[in-house]
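# sequence plus the predicted model coming up.
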Amino acid sequence: MVTVGVLHLPSRLLSLHHRIASSSSSSRPQAAPPLSGSSGVAKVVLKKGKTQLFKDGSPMVYSGAVDRIIGKPPPQTGDVVIVADGTENPIGWGLYNSVSMFCVRLMQLQHESTRDPSCALNIEKLLQTRITQAVQLRNNLGLPSPNTNAYRLVNSEGDRLSGLIVDVFGDIAVVASSAAWLEKYRNHVEACLRSIHGINHINWRPSLDVLKEDGFDISCLKQTQLSSAPLPDRSMVVENGISYAISLEGQKTGFYTDQRENRHFISTISAGKRVLDLCCYSGGFALNAAKGGATSVLGIDSSLPALELARENLILNHMDPGKVVFFKQDSTEFMKGVLSREETWDMIILDPPKLAPRKKVLHNAAGMYRNLNSLAMRLTSSGGMLMTCSCSGAMTQSGKFLGILQSAAAMAGRKITVVREAGAASDHPLDPSYPQGQYLSNILLRVL
């Protein structure tokens, strides 16, 4: 932190300073703050006492914080608006939504607009600037690299572009759009992505349920894909030196880049161990365990398309199919079945799908997490490791996951200690003023 002090000038110098300043100000017009004199831009005025949260950087202005809207005609969804305090002094600008519970997504604060007026009230310029900054951050993290060309390029609020997710798989950028404003400015987003070296194809995948909640009429969605050539059904990528075939029609954007660093960690602690990978999807954890020297690896998933990818990935990496096996079954049913045979594993990975998509189902989800983890602990050999995950934002943000794991251990008659806590990979930056962006919990337990 830099401390700024006050310089006390001698009186004769102070007088000279005032004369120079006065002369300068009279000969040169003073620039107005970028947002103050904006004509034709609607103004969203906040209620008294609701301003500080957004001055501090929270990007989502909820409708309950809004006192009034000044502007004729009233703004439409996707329009640029100024957000102001109760005295109508600007605190920033953003993109309006007439239907969503989030009335405005703040894009730039007043002090940022003053510092960089080229982006003030200019969404096209802001998109270009923010996406360029996102590329620079990934380059600083060593992405892409010869060993990894699957990574997250834009992470919504963490990259100051609320609602925009972009994952890169080789030369393909997969866009997950979850905000109405993105559909309005889709062409500008695509133009920015096309300008990035190495990206030759764009696969735009709207998150339909979220867009509906944001008030977007999904019948208006563009159906065309912007690409120099038709997109293949599958793409080949490399992560941590392991090759993967991914389905561009698969879950989310097609591949879970958020677990990359956690998968790599598994490869460093799996030598000589029997490993069970539950809810294995396309085999990411299982293949890392095999690469790390596991004596045997078993992957379980209920999705046949996911297991077909996993088996294809096994072949791609020239791994022994006798040592790495994938089996189709519901993970809960599988665990109940092997319990009767008293079979155990040295290391278990449990990465279930999102069980708590909303806070209102958190109580029920807690019971499901407890039961799943209790079963997994009973299958872990004494002193063995359980890497357990939750990708439910409601669960992670509640802070209750560790307590649920302790309860699961008591249910299983086991004792646990926490060895490691992690979240999403470093290419998934978070905005601390928007903790709702944190969703992934990854906890490594020693089970005694």
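All right, it came through fine.
# got the residue ranges for the helices in this structure?
Ranges of helices in the chain, per DSSP state H, are 11-27, 52-55, 110-115, 123-140, 180-184, 186-194, 208-213, 260-269, 284-291, 304-316, 331-339, 362-378, 393-398, 401-412.
# and the fifth one, average pLDDT?
What that stands for is helix 180-184. When the per-residue pLDDT values of helix 180-184 are averaged, the result is 93.
# the shortest one too?
Predicted confidence along helix 52-55 averages 95 (mean pLDDT).
# quick check: buried residues in it?
Residues of helix 52-55 classed as buried under the neighbour-count rule (16 or more other C-beta atoms under 10 Å) are residue 54. C-betas here are computed from N, CA, C, even on glycine.
# give me the contacts around that helix.
Contacts to helix 52-55, defined as C-beta atoms under 8 Å, 6 or more residues apart in numbering, come from residues 46, 61, 65, 83, 91, 92, 106, 109.
# go with 7 Å
Contacts with helix 52-55, where a contact means C-beta atoms under 7 Å, 6 or more residues apart in numbering, come from 61, 83, 91, 106.
# could you dump the helices of the chain into CSV with distance to residue 69 added?
Converted to CSV, the helices of the chain look like this (distance: least, C-beta to C-beta, whole Å):
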stretch, distance to residue 69
helix 11-27, 36
helix 52-55, 15
helix 110-115, 18
helix 123-140, 19
helix 180-184, 17
helix 186-194, 25
helix 208-213, 21
helix 260-269, 43
helix 284-291, 47
helix 304-316, 47
helix 331-339, 50
helix 362-378, 34
helix 393-398, 30
helix 401-412, 40
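# what's the weakest-modelled helix or strand in the protein?
Evaluated with mean pLDDT, DSSP states H and E, the helix-and-strand set of the chain has its lowest mean pLDDT in helix 11-27, which scores a mean of 37.
# burial count for the nearest residue to residue 384 once chain neighbours are set aside?
With C-beta to C-beta, 6 or more residues apart in numbering as the criterion, residue 384 has its nearest non-adjacent residue at 4.8 Å, and that residue is residue 346. If you count neighbours by other C-beta atoms under 10 Å, residue 346 ends up with 18.
# and for the one 10 residues further on?
Using other C-beta under 10 Å, residue 356 has 24 other residues around it.
# residue contacts, it?
With contacts defined as C-beta under 7 Å, 6+ apart, the neighbours of residue 356 are 362, 365, 392, 394, 395.
# same thing but 8 Å
Counting by C-beta under 8 Å, 6+ apart, residue 356 makes contact with 362, 365, 366, 390, 392, 393, 394, 395.
# how far away is it from residue 391?
Taken as C-beta to C-beta, to the nearest Å, the spacing of residue 356 relative to residue 391 amounts to 9 Å.
# likewise residue 427?
Distance of residue 427 to residue 391, given as C-beta to C-beta: 16 Å.
# between these two, who's got more neighbours?
Comparing residue 427 with residue 391 by neighbour count (other C-beta under 10 Å), the higher total belongs to residue 427, at 25 against 22.
# just checking, that one touches residue 151?
Yes. At 4.9 Å, residue 427 counts as touching residue 151 under the criterion of C-beta atoms under 8 Å.
# common neighbours of the two, please.
With contacts taken as C-beta under 8 Å, 6+ apart, residue 427 and residue 151 have 138, 143, 257, 260 as neighbours in common.
# select from the residues you listed the one having the most neighbours.
Within the shared contacts of residue 427 and residue 151, neighbour counts (other C-beta under 10 Å) peak at residue 257, which reaches 26 neighbours.
# now that one. Nearest residue, chain neighbours left out?
Using C-beta to C-beta, 6+ apart, the nearest residue to residue 257 is residue 152, at 5.0 Å.
# residues contacting the one you found?
When contacts are counted by C-beta under 8 Å, 6+ apart, residue 152 touches 138, 165, 166, 167, 168, 257, 258, 425, 427, 428.
# now swap in residue 335 and tell me
With contact taken as C-beta under 8 Å, 6+ apart, residue 335 is in contact with 278, 372, 375, 376, 378, 379.
# now the longest strand along the chain and helix 362-378, what's the angle there?
The residue-count maximum for a strand in the chain (DSSP state E) belongs to strand 380-390. Angle between the axes of strand 380-390 and helix 362-378 is 150 degrees (criterion: axes from the mean of the first three to the mean of the last three C-alpha atoms, to 10 degrees).
# show me which residues of strand 380-390 are buried.
Neighbour-count burial for strand 380-390 flags 380, 384, 385, 386, 387, 388, 389, 390 (criterion: 16+ other C-beta under 10 Å).
# among the residues you listed, which one sits closest to residue 267?
Distance from residue 267 was checked for each of those by C-beta to C-beta. The minimum falls on residue 387, at 12.1 Å.
# bridged to that closest one, which residues?
Counting by DSSP bridges, residue 387 is bridged to residue 349, residue 444.
# what distance do you get for it to residue 156?
Separation of residue 387 from residue 156 (C-beta to C-beta) stands at 26 Å.
# who's in contact with the residue nearest to residue 384?
Under the criterion of C-beta under 8 Å, 6+ apart, the contact partners of residue 346 comprise 273, 274, 275, 380, 381, 384, 385.
# likewise for residue 120?
Residues in contact with residue 120 (C-beta under 8 Å, 6+ apart) are 34, 35, 93, 108, 113.
# repeat that for 10 Å
The contact partners of residue 120, taken as C-beta atoms under 10 Å, 6 or more residues apart in numbering, are 33-35, 38, 80, 82, 90, 92-93, 107-108, 110, 112-114, 126.
# now list the buried members of these.
Members of those classed as buried by 16+ other C-beta under 10 Å are 34-35, 38, 80, 82, 90, 92-93, 107-108, 110, 112-114, 126.
# for the residue minimising distance to the centre of the chain, give the beta-bridge partners.
Note on the chain: the residue nearest the mean C-alpha position is residue 155, at 4.5 Å, using C-alpha atoms, centre = their mean. Listed beta-bridge partners, residue 155: residue 165 (assigned using DSSP bridges).
# if we can go back for a sec, which of the buried ones among the contacts of residue 120 sits closest to residue 440?
For these, the nearest to residue 440 is residue 107 (25.5 Å; C-beta to C-beta).
# identify the residue nearest that closest one in space, chain neighbours excluded?
Excluding its sequence neighbours, the residue lying closest to residue 107 (C-beta to C-beta, 6+ apart) is residue 94, at 4.7 Å.
# was I right to think the one you found contacts residue 61?
Yes. Using C-beta atoms under 10 Å, residue 94 is in contact with residue 61, at 6.9 Å.
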